[in-house]
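Trainee: fold the following.
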Amino acid sequence: MRSPALRHVLTHLITPLLMCIGMGLAYMGAFVTPEPNHLPVAVVGTAPKAKVFAQTVKDAAGDKLDVRTVATRADAVHLLKSRDVTGAYVPSAKAPELLVATAASDMGATAVEKVFTPVAAEQGVPLKVTDVAAPVADDPTGQGLFFLLVAVSIGSYASVAALGAAGAALAMRVRALLALGVAAVVGGIGALLAGPVFHLAHHDLAGVWGMASLYSAGILLIGVGLHTFLKRWTTLTMMVLFVMLNFTSSGGLFRPELQNGFFGTLHAFWNGAGFVEGARSLLYFGDDGLARTVWTLVAWLLAGVLVTAVAALYERTRAVRQEATAPGADTASAVSEAERRARRAAEEQAAKEAEEEAEETVGV
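Mentor: Below you'll find the model as predicted:
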């Protein structure tokens, strides 16, 4: 291609076009056709009639449901509050009851209602639905935590461009410390949004800040470290890791039992799922499962520390190599004016690319 300017523009168009493809595949693959996939439910009762009923439901649903029986209603409530089941049906000839926990998943509760409402209708009696763990009135669908995840994620990966590109002249140690500081600020913004602004969190706001900061720090350190190697392709990589695969597997809109196996598997260890499920544990389920989700976020933070350490070692090795090949004091005068101009041009080009990268990231 003869025109450098045209080639430059076309090169920059690669990123948004790949994002278009990736976002379409990820979001439409994860959200367009939600349906039960081994959705765990329980039937209350130990009598043979209850076990036969549970097996009948299982046979009719196939792989869509995983049906178990529990002895008492209290056992079913415990399973719901530990998020081991999505719904529990209490059979009764006069007043059948369905137990759900909408704070765990409003969509999951809706899916369970669709399964058991026809069962009660066949008996000619209304189905009573009891919510044993409802979200706060300020977040009636329980999806506010997902949008909090989006806000914290954007603040995190968008800051990578500033730290990686604009801060390229700084030592990696300084960039890493700045990343931790930015993570604390992003976590604070998230806590403000969750608390005083939108009232998603009526308690444990400090815990929300801590989890948001931990989540953000992992993203920032991974991004700052990757920027050393990927440069302007870091934005696309961050979008794949922390948007396309992250939001879709977080469980914020659909629990993994309502998604295909790919996103359901990612939910078990991806950092967005760790943040959303951890926030739910903290706010609605008495810290049940909180330790596991925090360890998930810690693992991503350690991954960020490792990537940053490798990048620091690479930059230090590269600097030593450049110093070894640089002209000495006795030959410095021999460097031609043309070479000096070439170096200045290279520095200006690097600064321009850093500015373009930052603008591209903000635009995305």
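Trainee: which one is Y314 nearest to, not counting chain neighbours?
Mentor: T228 (6.1 Å; C-beta to C-beta, 6 or more residues apart in numbering). Heads up, the C-betas are built off the backbone N, CA and C, glycines and all.
Trainee: pLDDT averaged over the helix or strand harbouring that neighbour, what's the number?
Mentor: T228 is part of helix 205-230, with elements assigned from DSSP states H and E. Confidence for helix 205-230, expressed as mean pLDDT, is 96.
Trainee: sorry, back to before: give me the number of residues near the residue nearest to Y314?
Mentor: By other C-beta atoms under 10 Å, 21 other residues sit near T228.
Trainee: equivalent analysis for L10, please.
Mentor: Using other C-beta under 10 Å, L10 has 11 other residues around it.
Trainee: need phi/psi at it.
Mentor: The phi and psi values for L10, taken as degrees, to the nearest 10, are phi -60, psi -40.
Trainee: what about it, distance to L236?
Mentor: For L10, the distance to L236 equals 15 Å [C-beta to C-beta, to the nearest Å].
Trainee: try T141
Mentor: T141 is 32 Å from L236, by C-beta to C-beta.
Trainee: ok, L98 next?
Mentor: 45 Å.
Trainee: low pLDDT regions in the protein?
Mentor: Flagging of the chain using pLDDT under 70 yields the residue ranges 1, 326-364.
Trainee: could you export whichever helix or strand A61 is part of as CSV, CA atoms only?
Mentor: If you go by DSSP H and E, A61 is part of helix 48-61. The C-alpha coordinates for helix 48-61 follow below in CSV (Å, rounded to 0.1, in the frame of the first residue of the first chain):
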residue,chain,number,x,y,z
PRO,A,48,-42.2,-42.5,48.3
LYS,A,49,-44.7,-40.2,46.6
ALA,A,50,-42.3,-37.3,46.8
LYS,A,51,-39.5,-39.3,45.4
VAL,A,52,-41.6,-40.6,42.5
PHE,A,53,-42.7,-37.0,41.8
ALA,A,54,-39.1,-35.8,41.8
GLN,A,55,-38.1,-38.6,39.4
THR,A,56,-41.1,-37.7,37.2
VAL,A,57,-40.0,-34.1,37.0
LYS,A,58,-36.4,-35.2,36.2
ASP,A,59,-37.5,-37.6,33.5
ALA,A,60,-39.7,-34.9,31.8
ALA,A,61,-36.9,-32.2,32.0
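Trainee: give me the buried positions along that helix.
Mentor: Neighbour-count burial for helix 48-61 flags A50, F53, A54, V57, K58, A61 (criterion: 16 or more other C-beta atoms under 10 Å).
Trainee: shouldn't the third one be in contact with A47?
Mentor: No. The pair A54 and A47 does not pass the contact test of C-beta atoms under 8 Å, sitting 10.9 Å apart.
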